[in-house]
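Asker: quick one, what's the 3D model for this:
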Amino acid sequence: MNTVKANKKHRLLEGLLITLFVIAALAIGIFFLLMTHTQIIVGAIQNLSQGTVNTKNLYEPLHEPVQTTKDNGQFIITEIHYSDDFPNSFLDITYPDENVDVRRPTMIYFHGGGFFGGSKCDGDPLAESDATSLLDDICSEGFNLVNIDYALVPEYHFPTPVIQANEAFLFLMDHAEEYHLNMEQIVIMGSSAGAIITSQIGSVITNPEYAALLGINPALKPEQVKALVIDDAPLAYDKFSLETKILVGNYVKGSIFLSKEEVKKYNNTMWITEDYIPSVLLGSEYYVDMREMDTALEDSGVEHELIDPLAEKNILMPHCFVANERVDETAKDAYNRMIAFISQKVSN
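Answerer: Predicted coordinates:
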């Protein structure tokens, strides 16, 4: 009788171990499926974001084009079509007031959104703040502000948005007189995903090898771009959290498993030279990446300023925190320092 009970117990234990093994194997299999087909996760995020921000690739403008004066007195022209090559190839231009003939420096801005969503109209679905007031305030400092859209996953991947940025620059150069834009005093700024684009543009403009690697013939010369503002760009892929690897890996190839060559192509920190554009780095969620870029710029002798509240004040700020400059003291300080840096550059 004891032998029967022992055998029964053994079979139960054996069955339990087999079940646990199958569950573990399924879990591992599902994990690797998701990590090598990251659009499954990102697509779910896109579906949840619909109705809040743009997640589509469209050849038509998101909204009816307008030319109007906003409540704050700024004059805006929206949904200007800058290229036929890719979807979402539209930009807006905002002037400090209705006197568009005044010669002012040009701020060119790229929104965030993990390359799956967001727009010049709706902002970044991942940011904990709204960039609209930030851009209004930058414009009021005396900049004509160009806000550019670009194509999103899953249909388009790196380096398409960088290629589109270059197409937008070509358009702006060709239509500078029509839109009263000073294309000899340019500041380029991006937040989050847009900061990645901005950082990469800096290398495209100043490093011919990197431009050739991305297949881009730069529309702008280094002397036209007086400064960059890189607002919390995730660049150091090997140090990303799993969440960030899913978003960036999906943007690059649809998998978190990037080769060394793919990482090197993506992370332009490796391509910084002494000719890189003077830069403001804003570090918060991705302070590790901004510190690495700070080191690369320092080693290359490039003028720059790292604004890192964690290092300076032991305050960990939310992603793209400078957009809270109207309501937060730390963000306001970062904003003032950013404006001081870029204003000095465009006044030279």
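Asker: lowest-scoring secondary structure element of this protein by mean pLDDT?
Answerer: helix 2-36 (a mean of 79; mean pLDDT, DSSP states H and E).
Asker: could you pull out the buried residues of it?
Answerer: The neighbour-count check on helix 2-36 (16 or more other Cβ atoms under 10 Å) flags residue 35 as buried. All C-beta spots, glycine's among them, are computed from the backbone N, C-alpha and C.
Asker: what's around the closest residue to residue 265 other than its chain neighbours, how many residues?
Answerer: Excluding its sequence neighbours, the residue lying closest to residue 265 (Cβ to Cβ, 6 or more residues apart in numbering) is residue 213, at 6.0 Å. The number of residues packed near residue 213 is 17, by other Cβ atoms under 10 Å.
Asker: residues touching the most centrally placed residue in the chain, list them.
Answerer: The centroid of the chain falls nearest to residue 193 when counting by Cα atoms, centre = their mean (1.6 Å). Residues counted as contacts of residue 193 (Cβ atoms under 8 Å, 6 or more residues apart in numbering) are 110-115, 118, 124, 161, 251.
Asker: do a quick rundown of the helices in the stretch 51-200 of the chain.
Answerer: Using DSSP state H, counting those that start in this stretch, the helices of the stretch 51-200 of the chain run over 131-140, 160-174, 193-206.
Asker: helices and strands around the longest one, which ones?
Answerer: Translated: helix 160-174. strand 106-110, strand 144-148, helix 193-206 (3 or more Cβ pairs under 8 Å, 6 or more residues apart in numbering; DSSP states H and E).
Asker: in the stretch 201-348 of the chain, where is pLDDT below threshold?
Answerer: Within the stretch 201-348 of the chain, not a single segment meets pLDDT under 70.
Asker: okay, strands next: where are they in it?
Answerer: Remark: strands assigned in the stretch 201-348 of the chain by DSSP state E, counting those that start in this stretch are 225-231, 279-282, 304-307.
Asker: can I get those strands in JSON lines including distance to residue 67 and mean neighbour count?
Answerer: Output for those, formatted as JSON lines (distance: least, Cβ to Cβ, whole Å; neighbours: other Cβ atoms under 10 Å):
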{"stretch": "strand 225-231", "distance to residue 67": "27", "mean neighbour count": "27"}
{"stretch": "strand 279-282", "distance to residue 67": "31", "mean neighbour count": "26"}
{"stretch": "strand 304-307", "distance to residue 67": "35", "mean neighbour count": "20"}
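Asker: nearest to residue 297 among those would be which one?
Answerer: Closest to residue 297 of the strands of the stretch 201-348 of the chain, according to Cβ to Cβ: strand 304-307, at 4.5 Å.
Asker: before we move on, the earlier item: what is the nearest of the contacts of residue 193 to residue 327?
Answerer: Among the contacts of residue 193, and counting by Cβ to Cβ, the member closest to residue 327 is residue 124, at 17.5 Å.
Asker: for residue 243, which of the helices and strands packed on helix 160-174 is the nearest?
Answerer: Among those, helix 193-206 sits nearest to residue 243 (Cβ to Cβ), with 13.9 Å.
Asker: now do that closest one: distance to the chain's middle.
Answerer: 9 Å (Cα atoms, centre = their mean, to the nearest Å).
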